[in-house]
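Colleague: Okay, predicted coordinates and the sequence, questions at the end:
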Amino acid sequence: MLRDDQLAQILALFDSFAPSDFINSLLTSRAHSVAATAFISSLPSLLSVLQGHASTKDIIKTLIIQAAEEYCRQEVCTLTTKTSGWQFGARVASAEQLLNFSMRSMADEFSKQAPTIWGLLGTLLNADPSRESRRTQALMTGLVQVPDTIGDLWDEDDEYFAQLEENEVATPGECADQDDRAGNGVSKRQRRAIERRAVLIRVKRVVIINIMMQSTNQKCNALASLIGLFCHSTSTPELVLEMLAHSGLSVSPTAVHNMVSSLSEGAHKQLREIASTRIASFVYDNFDMDFKSWQHTVDKPGSTLVHATSAFAFTLQHGVTPDDLKHARSLWSTDPLNPRTRGGAKRAPRSWLDAMHAMHPPRNNGNPAPAPAPALVPATAPTSPMDPAPGPSPAPAPAPNASSLPKRASPLITQRILAWHFRNALVTYCTGFSYVRQMLGQPETILQIPVMKTSTVPCRAMDIDQSTNDGQADIVENLFRQAGIGIPEDTPDVLDISEHVVLFHGDLGTGERQSSIKESRRIEANSVRSLQVIVFVFGLFHLQMAAVEAIWRMYIEPKPLRSSPTGLYQQACSIRPHDTGRIGSKPAFRLMHEIILQCATARMLDCWRVEASLRDPKIKTLEDFAASKPTWSRLTKMSLEIASKYVNQPSAQDIEFRNNSLILSQLLLYVELYHAMKRGDIGRVEATFMPWAFIFKSVGKHKYSTQLIKTINDLHYVYPPRLTRAIRLNWLCNPTGRPDGFRGLDWDTVRLNKELYNFYTKVVFSGSGQTQTLNLVIKQSPLIEVFRSVHTVIQDNFGLLHRSTRHAPKNLSRTIEILCSNLNKNRAHCNDESRKDAKIPKVNDHMQIGITRMHEATEMSGGADEDEVEGRILDDISAEDLDI
């Protein structure tokens, strides 16, 4: 502190000039640079003195605030310029712009382009420095000593986020509530909650800066547009949307509708781009909506239930070229429906014997034996569910084109694949065999589809009922118009596809009605008008559902079989005691799917136990077997013997053993179909077609049996090799791009239809009017995938929890234990010829019955006795049924 006389001497120097002139001269003088540097170094203390003095603190505060405001204003203006890259046009928005939004990238750029604002918001959002310091110490566990009392840095918000964290699905090997305090008083639960809070602070910083930018320049509305579209897709009322728009968090409802129109135009353009390659394929299915707000009119006095159709397109992958599909003329020239083709130029009809010849050629040196009388029942039982009994040898048939065939599923390959399923059950559900789990691998392939993510483009929904033949024709023509393909002489400015076929995937009903309209239009002059360019591809997801229903008809529907303690019905009721009514009457697809997989697993494990006990009487359980540490080669050899010994033994004298071997045979056939589809081995999928055709014939699903046989004959005898290859390699889609992510293309359509139904009939907020809601559905139907992706973007960038609709894998240990205990108690897989029990109902050998009925049938198409296209299980597919 200066004395008064020293202060007077200094003040006398300022009589001739102002203090500001002195400071300015000092800072600009080169001769006194050392003094200027010293002065600059002392500025913080000088400003601190001025700020602390009562007479100057208000002035200093005002100056500092003004300077900070100017700095922040300049940074906001910089962010809103066109060169900064933050301007976004909602009216011309594209899906790529919305889906590439990243909160982290935006935060990194804001911290560089507006460091003042970024730092200021960080300080204000963590206004308590002591609490923030303690939180930072908690994050740096191991580097900084944390207070002994965790409550000093733990508040109610942190506890909230920790509870949310606990409810998340834990990763393998990690328990959500695991407490891993490493001597510092902070658990993993608490650390992750603090980390999540730091992420939310970053989100708030970005949101606040975006509000500033949009308020300054409305073109800087990338985040607001994303939030607006998200709110629109979740049926947020316009009143709420307007409130968010006034708050700067969203764009206006008008801008949202403009953005929807722009995205719809972009989806339509993308569809035309796919179709222009001439290798586009289409999938469609019906969906129903009930608009209860509609008013009845004279034009539409009936029900408010509307039958509509949704569809999507995708590009054929795996090296398919337009020339591979350029076979419309050649196929039509030999088509029996062609009225202009005469005599022997038409293709001869094919029967199930031709299909058998293609899938299971005769083994007598290539010379098939003469076919016995049709009424003769095959004498030799099948050795596996994928290798039908030789039975009567098929009549000679022209050999299929060898270049179009996958590797044949010989009995040896079939047995090795089934043995793999037995090993998979053992190492997956018996913890004692974890030491050989890494050696399991995958079963050998027959025709593997390369792993590649399938990208689909939803088409505009159609107000067309596809349950009629005319409706099917309208749907195909509508899709052609949307895609911009057809024949120029009928529709100008379209891509000519008169020489190319177009693949249409769908369910059995779709294929039947397409065949009907092709027959009724066969006199048309060109292939597009006659719809002869259509090649129907049977959807494999519907095959899977039909297979589930066939198993239900074989082993659950018959009342006498329900009393058997080892029967499928009793087993299903033991693990699903609350669903006994549904199991016996109308089970859902997912319910039966899970029951089949779990019962098949338990039966395979019981076969392991029985075989191990036979080889070593000391072994009573699988745990005892695991304790003996068998080698992998020994397990492999045993699995091959089990696959041939315990599967499909209809001639066994022990009725109990016989029944369970037949049940296991058909359950394994479904397991193989499901696993082959999931892994994308279309060769293995096709190898199950003939067994399923026989089973469908046995249980009364004649149409499915006929369709499978027709599919086999088309692939082997009708379609050219390159077209056959294109169909096989694009029969399944892979929405995720994972090796086990393959699905039937009709599965994707069912999923899309369920989303359309749930989204628009239960969620969308729309006005009144007779057609307004339906028009909204049709307008926004191409954006379903965009809406889904926007939800994912919001969830990822805003740190939202509980966002997954899929659950963690269930712990089936107790379920499998109950099933195995029941099988063990009743000695289900013990072949004891001395066991005699007249009360045991005899299970039918449906494979043999189907073969017999094939021989007895006089027409491949069936007749009036054919069953419905869809059965009990196929009638109602829920959203849960798709998550398999």
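Modeller: Perfect, I can see it now. Here the structure is a predicted model, which is why all the values come from computation and not from measurement. Numbering: from 1, shown residues only.

Colleague: contacting residues for the spatially most central residue of the chain?
Modeller: Of all residues in the chain, the one closest to the mean position by CA atoms, centre = their mean is residue 735, 5.6 Å from it. Residues touching residue 735, when contacts are defined by CB atoms under 8 Å, 6 or more residues apart in numbering, comprise 453-454, 456, 741, 743, 748. C-betas here are computed from N, CA, C, even on glycine.

Colleague: mind listing which of these are in strands?
Modeller: In strands, defined here by DSSP state E, the members of the contacts of residue 735 are 456, 743.

Colleague: among the contacts of residue 735, which two are most distant?
Modeller: 456 and 741 (13.7 Å; CB to CB).

Colleague: How about the backbone phi and psi for residue 698?
Modeller: In terms of degrees, to the nearest 10, the main-chain angles of residue 698 are phi -70, psi -40.

Colleague: next one: the one 3 residues further on
Modeller: Backbone dihedrals for residue 701, given as degrees, to the nearest 10, come out at phi -90, psi 70.

Colleague: hang on, isn't it packed against residue 551?
Modeller: No - counting by CB atoms under 8 Å, residue 701 does not reach residue 551; the two are 11.4 Å apart.

Colleague: for the nearest residue to residue 685 once chain neighbours are set aside, what are its contacts?
Modeller: Once its chain neighbours are removed from consideration, residue 685 has its nearest residue in residue 676; the separation is 4.6 Å (CB to CB, 6 or more residues apart in numbering). In this structure, residue 676 makes contact with 682, 684-685, 688, judged by CB under 8 Å, 6+ apart.

Colleague: quick one: which of those is nearest residue 478?
Modeller: residue 682 (29.9 Å).

Colleague: burial of that closest one, as a residue count?
Modeller: Taking other CB atoms under 10 Å as the neighbour definition, residue 682 ends up with a count of 24.

Colleague: Same question for the one 4 residues further on.
Modeller: Using other CB under 10 Å, residue 686 is surrounded by 25 other residues.

Colleague: so who does it touch?
Modeller: If you count contacts by CB under 8 Å, 6+ apart, then residue 686 has 359, 406, 446-447, 712, 715, 728 around it.

Colleague: Among those, name the ones in helices.
Modeller: 359, 712, 728 (DSSP state H).

Colleague: Distance check, the residue nearest to the centre of the chain against residue 746.
Modeller: Using CB to CB, to the nearest Å, one gets 13 Å for the distance from residue 735 to residue 746.

Colleague: Equivalent analysis for residue 842, please.
Modeller: When distance is defined by CB to CB, residue 842 is 36 Å away from residue 746.

Colleague: Look at those two and report which has more neighbours.
Modeller: Each of residue 842 and residue 746 had its neighbours counted (other CB under 10 Å), and the higher figure belongs to residue 746 (25 against 12).

Colleague: Would you agree the more buried one is in contact with residue 504?
Modeller: No - applying CB under 8 Å as the test, residue 746 and residue 504 come out as separate, 10.7 Å apart.

Colleague: any residues in contact with both of those two?
Modeller: residue 283.

Colleague: just for the stretch 201-350 of the chain, where's the confidence low?
Modeller: Across the stretch 201-350 of the chain, residues meeting the criterion (pLDDT under 70) sit at 290-304.

Colleague: just so I have it, where are all the strands in it?
Modeller: 280-290, 305-315 (DSSP state E, counting those that start in this stretch).

Colleague: And the last one, what does it pack against?
Modeller: So the one you mean is strand 305-315. Using 3 or more CB pairs under 8 Å, 6 or more residues apart in numbering; DSSP states H and E as the contact criterion, the neighbours of strand 305-315 among helices and strands are helix 253-275, strand 280-290, strand 456-458, helix 469-483, helix 745-762, helix 772-780.

Colleague: how about the strands of the stretch 201-350 of the chain, which one is nearest residue 198?
Modeller: It is, among the strands of the stretch 201-350 of the chain and with distance given as CB to CB, strand 305-315, at 40.4 Å.

Colleague: ok, the nearest residue to residue 450 once chain neighbours are set aside - how many residues close by?
Modeller: In space, and not counting its chain neighbours, residue 450 is closest to residue 318: 5.5 Å by CB to CB, 6+ apart. Neighbour count for residue 318, taken as other CB under 10 Å: 12.

Colleague: Was I right to think residue 318 contacts residue 451?
Modeller: No - between residue 318 and residue 451 no contact is recorded; they are 10.3 Å apart, counting by CB under 8 Å.

Colleague: Tell me where the stretch 601-750 of the chain has strands.
Modeller: Under the criterion DSSP E, counting those that start in this stretch, the stretch 601-750 of the chain carries strands at the ranges 732-733, 743-744.

Colleague: Point out the most buried one among those.
Modeller: Most buried of the strands of the stretch 601-750 of the chain by mean neighbour count (mean count of other CB atoms under 10 Å) is strand 732-733; its value is a mean of 26.
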